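J.: Pasting a predicted model and its sequence here:
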Amino acid sequence: MNLSRLLAEYNAAKGPVRVGLIGAGKFGSMILAQAKHIKGYHIVGVADLDISKAKASFARVHWAAEAYDAPTLSDAYKTGKTCITDDAQALMEFDGIDCVIEATGHPIAGIRHALAAIEAGKHVIMVNVEADVLCGAYLAARAREKGVVYSMAYGDQPAAICELVDWVQASGFELVAAGKGMNFCPHYRYSTPDTVWGFFGWSDEEVAAGDFNPKMYNSFTDGTKAAIEMAAVANATGLDCPEDGLAFHPAGLHDLARVFKPQSEGGQLARAGLVDIAASREPDGRVVMNNIQYGMFVTFRAPDEYTRACFQQYGLLTDDSGWYGSMWRPFHLIGLETSVSVLNAVLRGEATGSSTLYRADAVATAKGDFKAGDYLDGEGGFKVWAKAIPATRAAKVNALPIGLAHHIKLKRDIARDQIVTLDDVEIKDDLDIFEMRRALREMANG
């Protein structure tokens, strides 16, 4: 509650909090949109492989052209302007930056950027959940060794869920479940970049007129993004994924406490302590009333009769028994809120959620029957969707994480809905990432 005050004091004593941003896409643009309105918050540099696209992002969010024309990072540091570069390594090595925001969305690049920033003694805000679920616990451990913060990005759903989980535990309630809302039906699972727009109800003309990435939108539609984010939440909170993946229980706001409790208590969960999704559609496609499609939630149990009575007295939404309650946040504003993570890291040395554990994984699962010699095409593509499962199971079956399923060749046939394993594919590149993954598997087995 004191971040703005702490920032004012820091700015008066030391100058602004200085930030480097990698990736000027949609999330990065939203970060830039608010940065210019925060006194004492300086985006020193933005790194993007496409400098012209980065400049277009600045213009789109109403930055004055002279504010981002600094020729070098040093000049930006001195003048308060921003330097745009295509050299992410230079950004991370520059001494005048306190915190790096990784917002590329590319899992392999994200991991390498984060490691470089950590080695350079900079805090890291990992917008890139794809990278986080792939090697987050490894990165968090390295950050602790270097005395810096490795954090999820506030404004994105995983960080908001972590905040709700922290509220439950700090209040002394029994945490039962955590999750997010999502527009999902079972048949969405097999959506491809060619069919995805039909799920949004957009015409070919509307799609052609916009700047839409079909693979990105498809990763939300087919449940892959949900698996990635819920696995990341599990790794940050100590909760677990269901044994055979997320169930996507249809539930509206008033049903959360009734649905997201154990089956032994009349709910839908196999047990307490799980993450899952509150689907905004029934399996037949009907819209769930009072759904929380854009929100996040937790369910929790009163520890005794007195607290249960207080739930009723103060209007908490509960199940019929009154023992189980729910708390939710109805929205998330992604990059518009990410400065909260930066300021927490720099001013308090705290993360807004951090994947310090390896309890869950998002693993590649076949969308159809494919032959040896075929190439997988990664998140949001034609070949695989991601299933969120416990890390112990992923390690036991030697599952291929979704973040490593891009342009990788099958060496044997796979069947629809089969979890793809490392034994099913040819591994040639990214050996440093596979080495980090081996360290994670040891964490799961140990």
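T.: Sure, I can see it.
J.: Helix, strand, or coil at the closest residue to P214 other than its chain neighbours?
T.: Leaving aside its chain neighbours, P214 sits nearest to P193 (3.8 Å; criterion: CB to CB, 6 or more residues apart in numbering). Where C-beta positions appear, they are placed from N, C-alpha and C, glycine not excepted. When classified by DSSP: H, G, I helix; E, B strand; the rest coil, P193 comes out as coil.
J.: Quick check, pLDDT for P193.
T.: With respect to pLDDT, P193 has a value of 92.
J.: contacting residues around it?
T.: P193 sits next to 214-215, 218, 380-382 when contact means CB atoms under 8 Å, 6 or more residues apart in numbering.
J.: same check, this time on H42
T.: Counted by CB under 8 Å, 6+ apart, H42 has contacts 16-19, 80.
J.: ok, of these, which come out buried?
T.: 16-19 (16 or more other CB atoms under 10 Å).
J.: Which of those fall in helices?
T.: Judged by DSSP state H, helices contain none of these.
J.: Please report the distance of the residue nearest to the spatial centre of the chain from N235.
T.: In the chain, the residue lying closest to the centroid (CA atoms, centre = their mean) is V129, at 3.7 Å. Between V129 and N235 the distance is 11 Å, computed by CB to CB, to the nearest Å.
J.: do R60 as well
T.: R60 is 34 Å from N235, by CB to CB.
J.: got it, and F260?
T.: 20 Å.
J.: And S52, by the same measure?
T.: On the measure of CB to CB, S52 and N235 end up 37 Å apart.
J.: what do you get for Y306?
T.: Counting by CB to CB, the gap from Y306 to N235 is 34 Å.
J.: What of A88?
T.: From A88 to N235 the distance is 25 Å (CB to CB).
J.: do the same with G267
T.: For G267, the distance to N235 - CB to CB - is 24 Å.
J.: cool, Q34 as well?
T.: Distance from Q34 to N235, by CB to CB: 28 Å.
J.: Those two: which has the busier surroundings?
T.: Under the criterion of other CB atoms under 10 Å, the comparison of Q34 against N235 puts N235 first, with 27 against 17.
J.: quick one: strands adjacent to the strand ranked longest in the chain?
T.: Longest strand in the chain, counting residues (DSSP state E): strand 174-182. According to DSSP bridges, strand 174-182 has the following sheet partners: strand 274-279 (parallel), strand 296-301 (antiparallel).
J.: Any chance you could give me that strand in CSV, C-alpha atoms only?
T.: Taking Å, rounded to 0.1, in the frame of the first residue of the first chain, the C-alpha atoms of strand 174-182 are listed here in CSV:
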residue,chain,number,x,y,z
GLU,A,174,-7.4,-23.0,4.8
LEU,A,175,-6.5,-22.7,1.1
VAL,A,176,-8.5,-25.1,-1.0
ALA,A,177,-8.1,-24.1,-4.6
ALA,A,178,-7.0,-21.3,-6.9
GLY,A,179,-7.5,-20.5,-10.5
LYS,A,180,-8.8,-18.2,-13.2
GLY,A,181,-11.8,-17.8,-15.5
MET,A,182,-11.6,-18.7,-19.2
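J.: tell me what the helix or strand following it is packed against?
T.: Next helix or strand after strand 174-182 toward the C-terminus (DSSP states H and E): helix 196-200. Contact analysis of helix 196-200 by 3 or more CB pairs under 8 Å, 6 or more residues apart in numbering; DSSP states H and E lists helix 214-221 as its packing neighbours.
J.: Just want the angle from the helix it packs on to strand 174-182.
T.: Interaxial angle of helix 214-221 relative to strand 174-182 (axes from the mean of the first three to the mean of the last three CA atoms, to 10 degrees): 140 degrees.
J.: model confidence over helix 214-221, on average?
T.: Here the average pLDDT along helix 214-221 is 89.
J.: Rounded mean pLDDT for the helix or strand following it, please.
T.: Scanning forward in sequence from helix 214-221 by DSSP H and E, the next helix or strand is helix 224-237. For helix 224-237, the mean pLDDT works out to 97.
J.: Repeat that for stretch 79-88.
T.: Stretch 79-88 comes out at a mean pLDDT of 97.
J.: buried residues in that stretch?
T.: Neighbour counts over stretch 79-88 (16+ other CB under 10 Å) mark 81-85, 88 as buried.
J.: where do the helices sit along the stretch 251-400 of the chain?
T.: 256-259, 305-313, 339-343, 391-397 (DSSP state H, counting those that start in this stretch).
J.: Return the alpha-carbon coordinates of the second one using CSV.
T.: In CSV, the C-alpha atoms belonging to helix 305-313 read as follows (Å, rounded to 0.1, in the frame of the first residue of the first chain):
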residue,chain,number,x,y,z
GLU,A,305,-17.2,-22.6,13.8
TYR,A,306,-16.6,-19.0,14.9
THR,A,307,-15.0,-18.0,11.6
ARG,A,308,-17.7,-19.9,9.7
ALA,A,309,-20.3,-17.7,11.5
CYS,A,310,-18.3,-14.6,10.6
PHE,A,311,-18.4,-15.6,6.9
GLN,A,312,-22.2,-15.4,7.1
GLN,A,313,-22.3,-12.2,9.2
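J.: now the helices for the stretch 1-150 of the chain?
T.: Using DSSP H, counting those that start in this stretch, helices in the stretch 1-150 of the chain cover 3-14, 26-35, 51-60, 73-79, 88-93, 107-119, 129-146.
J.: what would the ones you listed look like in TSV with distance to F173?
T.: Formatted as TSV, these follow (distance: least, CB to CB, whole Å):
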stretch	distance to F173
helix 3-14	26
helix 26-35	32
helix 51-60	42
helix 73-79	46
helix 88-93	41
helix 107-119	33
helix 129-146	26
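J.: out of the ones you listed, nearest to S203?
T.: For the helices of the stretch 1-150 of the chain, proximity to S203 was assessed by CB to CB; helix 26-35 is nearest, at 21.7 Å.
J.: so what's V196 closest to, chain neighbours aside?
T.: N218 is the one closest to V196 (CB to CB, 6+ apart), at 4.3 Å.
J.: burial of that neighbour, as a residue count?
T.: 25.
J.: again with the one 4 residues further on
T.: One way to gauge burial is a neighbour count; for D222, by other CB under 10 Å, it gives 27.
J.: State the number of residues packed around the residue lying closest to R308 once chain neighbours are set aside.
T.: Spatial nearest neighbour of R308, excluding adjacent residues (CB to CB, 6+ apart): A302 at 4.0 Å. For A302, the neighbour count with other CB under 10 Å is 22.
J.: quick one, what contacts A302?
T.: By CB under 8 Å, 6+ apart, the contact set of A302 is 173-174, 308, 310-311, 322-325.
J.: Let's see that with 6 Å instead.
T.: Taking CB atoms under 6 Å, 6 or more residues apart in numbering, we find A302 in contact with 308, 311, 323.
J.: What of A70?
T.: With CB under 6 Å, 6+ apart, A70 has these contacts: 76, 81-83.
J.: could I get those as CSV with distance to G110?
T.: As requested, those are exported to CSV (distance: CB to CB, whole Å):
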residue, distance to G110
A76, 23
K81, 26
T82, 21
C83, 21
